[in-house]
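S.K.: Take this sequence and fold it.
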Amino acid sequence: MGVSLKDIAERAGVSLATVSNVVNGYRPVGERSRQRVQRAIDELGYTPNLSARHLRRGRTGLIALAIPELTNPYFAELAEIAIREAGRHGYTLVMENTAAAYDAELSLLNGAQRHVIDGLIFGPVRVGRDEVLARTSDTPLVLIGEGVHDVPHDHIAIDNVAASRRAVQHLMELGRQRIAFIGARVGDESQAAHLRLRGYRAALTEAGLPYRPELVALTAGFGRHDGVRAMRNLLALDEPPDAVFGYNDLIAIGAVRAVLEAGLGVPADIAVVGIDDIEEGRFGTPTLTTIAPDKEKIAHLAVRRLVARIEGAAVTGPLALATPFRLVPRETTGFSSAAGTG
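M.R.: Now for the predicted structure:
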C-alpha cells in the first residue's frame, strides 16, 4: 500500500490540511511546518501523483515544444534541456514537429492540441506577427527564436544581428576581407536569415569593406547539404571568398566539407564560422568556430514562464528577452580545439 497524506501528517505531527498545502502548493505554509512535512515525505518515500494533481486542477500536465526541424541537433539539444526543466516543475514536455510548414504552424498556434496540452513553447518559421496577433486559442504561449517580434506574449531569443556581427568581426580580426555569407533567403521565408544577413552587412560596413552580392549564397534549407552546394558555387567564382559565415553550424559544417574536398585548407585558405554550438561542431575535424547561444537560459526561461502562465502565478507582462551569446573560437579559424571545447 502506498504512502498517504494522512501517513505524512501523523509522522510530521501536523494537520492533514497542512500536508496538502505543502504537497499541492495551495497556500503558503510556515517554514518550520514545511520542513517537518518535507522530512516526513523523505522518510516515508512519498511520491506525489502528478497526474491526479493536474486532473484536479483541470490540466493534463503536458506542455509542448513546437520546432521546425526534428533532425536539427540544435533543437534536439534545446529540447533535452527543456524536458529536464519541465520535469522539475511537475510537467511532461512533448515534441511537435511542424517541419516549418505554414499550415502545421498555424494549426498548432490556433489550438489544434488545446485539449491535450496545457501550454505551448513555439519556434515559428512560416507564420508571422499577424497570425500570432490573430490566434484564436487561449492556451498559454511562449515564443522562442527569431520568427516573430512585438507581440503580447513572452518571447525569448538571441540578438541575431549582434551575434552575426560578432562572427564576421572575428573573421575580419584574422585579416580576412572576402567574407561570404551562406544561408540567405528570399522574401519573408526566414526572419532569422534576414537578421543574420543584416548583422553580416553591418559588420562589413563598420569595417569599411564593400558588400559583394556574389558572396551572399541563397540556400533552399539550412542543412549540411545546403552548405556543401553553396560553398561549391562560391569556390567556382573568379575570386572565391577567404572566409565564410554560415547561417548555422550545419551549413558551416557543409561548407568546411566542400572546401576540404576541393583540396583547400581550413582555415589556411578559407576560415569558417557558424552559429548554434552544436555538439557535432566540437568533435569534427577541424573543430568548428561558432557563436554559442545560451541554450540553458533559453530553455529554462521558456519553461518557467510558460508554467507560471499556466498556473496563474503573479508574473510581469509579456517578457521580450535577448539571451546571451558568446564567440567560441576553434580550429576553423586557427584556434586550438582545447581553446573551444567549452
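S.K.: Run through the helices of this protein in chain order.
M.R.: Listed in chain order, the helices of the chain (DSSP state H) span 5-12, 16-24, 31-44, 50-56, 73-88, 102-109, 129-133, 160-173, 191-206, 224-235, 249-261, 279-283, 295-310.
S.K.: Quick one: the ones you listed as TSV, columns for mean pLDDT and mean neighbour count too.
M.R.: All C-beta atoms are positioned from the backbone trio N, CA, C, and that covers glycine. Below are those laid out as TSV (pLDDT from 0 to 100; neighbours: other C-beta atoms under 10 Å):
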stretch	mean pLDDT	mean neighbour count
helix 5-12	88	18
helix 16-24	78	18
helix 31-44	85	15
helix 50-56	52	13
helix 73-88	94	18
helix 102-109	92	18
helix 129-133	92	15
helix 160-173	97	21
helix 191-206	94	20
helix 224-235	98	21
helix 249-261	98	25
helix 279-283	95	16
helix 295-310	94	21
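S.K.: In the chain, which residue is most central in space?
M.R.: Ranked by distance to the mean C-alpha position of the chain (C-alpha atoms, centre = their mean), the top residue is residue 78 at 5.2 Å.
S.K.: ok, back up a step: nearest to residue 326, out of the helices of the chain?
M.R.: Residue 326 sits nearest to helix 160-173 of all these, at 8.7 Å, using C-beta to C-beta.
S.K.: re earlier: residue 181: which of the helices of the chain is closest?
M.R.: helix 191-206 (4.6 Å).
S.K.: Which phi and psi values does the closest residue to residue 324 other than its chain neighbours adopt?
M.R.: Spatial nearest neighbour of residue 324, chain neighbours left out: residue 294 (4.7 Å); criterion: C-beta to C-beta, 6 or more residues apart in numbering. Main-chain torsions, residue 294, degrees, to the nearest 10: phi -80, psi 80.
S.K.: what sits against residue 294?
M.R.: Residue 294 sits next to 158, 323-325 when contact means C-beta atoms under 8 Å, 6 or more residues apart in numbering.
S.K.: For those, which single residue is the most surrounded?
M.R.: residue 158 (25 neighbours; other C-beta atoms under 10 Å).
S.K.: That residue contacts residue 321, doesn't it?
M.R.: No. Counting by C-beta atoms under 8 Å, residue 158 does not reach residue 321; the two are 9.8 Å apart.
S.K.: Show me this structure divided up by domain.
M.R.: In terms of domains, the chain is parsed into 5-48, 62-158+294-325, 160-292+327-340 (source: automatic domain parsing).
S.K.: what residues are up against the closest residue to residue 20 other than its chain neighbours?
M.R.: Among residues not flanking residue 20 along the chain, residue 5 sits closest, at 6.0 Å (C-beta to C-beta, 6+ apart). Going by C-beta under 8 Å, 6+ apart, residue 5 touches 16, 19-20, 23.
S.K.: ok, 10 Å please
M.R.: Applying C-beta atoms under 10 Å, 6 or more residues apart in numbering to residue 5 gives the contacts 16-20, 22-24, 37, 41, 46, 48.
S.K.: now swap in residue 60 and tell me
M.R.: Residue 60 makes contacts with 51, 54, 91-92, 94, 113, 115-118, as judged by C-beta under 10 Å, 6+ apart.
S.K.: try residue 300
M.R.: Contact analysis of residue 300 by C-beta under 10 Å, 6+ apart lists 81-82, 84-85, 88, 156, 294, 323.
S.K.: With residue 77 instead?
M.R.: Contact partners of residue 77, counting by C-beta under 10 Å, 6+ apart, are 276-279, 295-296, 299.
S.K.: now it: how far from residue 44?
M.R.: As for residue 77, its distance to residue 44 is 37 Å (criterion: C-beta to C-beta, to the nearest Å).
S.K.: got it, and residue 75?
M.R.: Using C-beta to C-beta, one obtains 40 Å as the distance from residue 75 to residue 44.
S.K.: same check, this time on residue 128
M.R.: Using C-beta to C-beta, residue 128 is found at 53 Å from residue 44.
S.K.: Show only the entries of the contacts of residue 294 found in strands.
M.R.: The strands, defined by DSSP state E, take in 158, 323, 325 from these.
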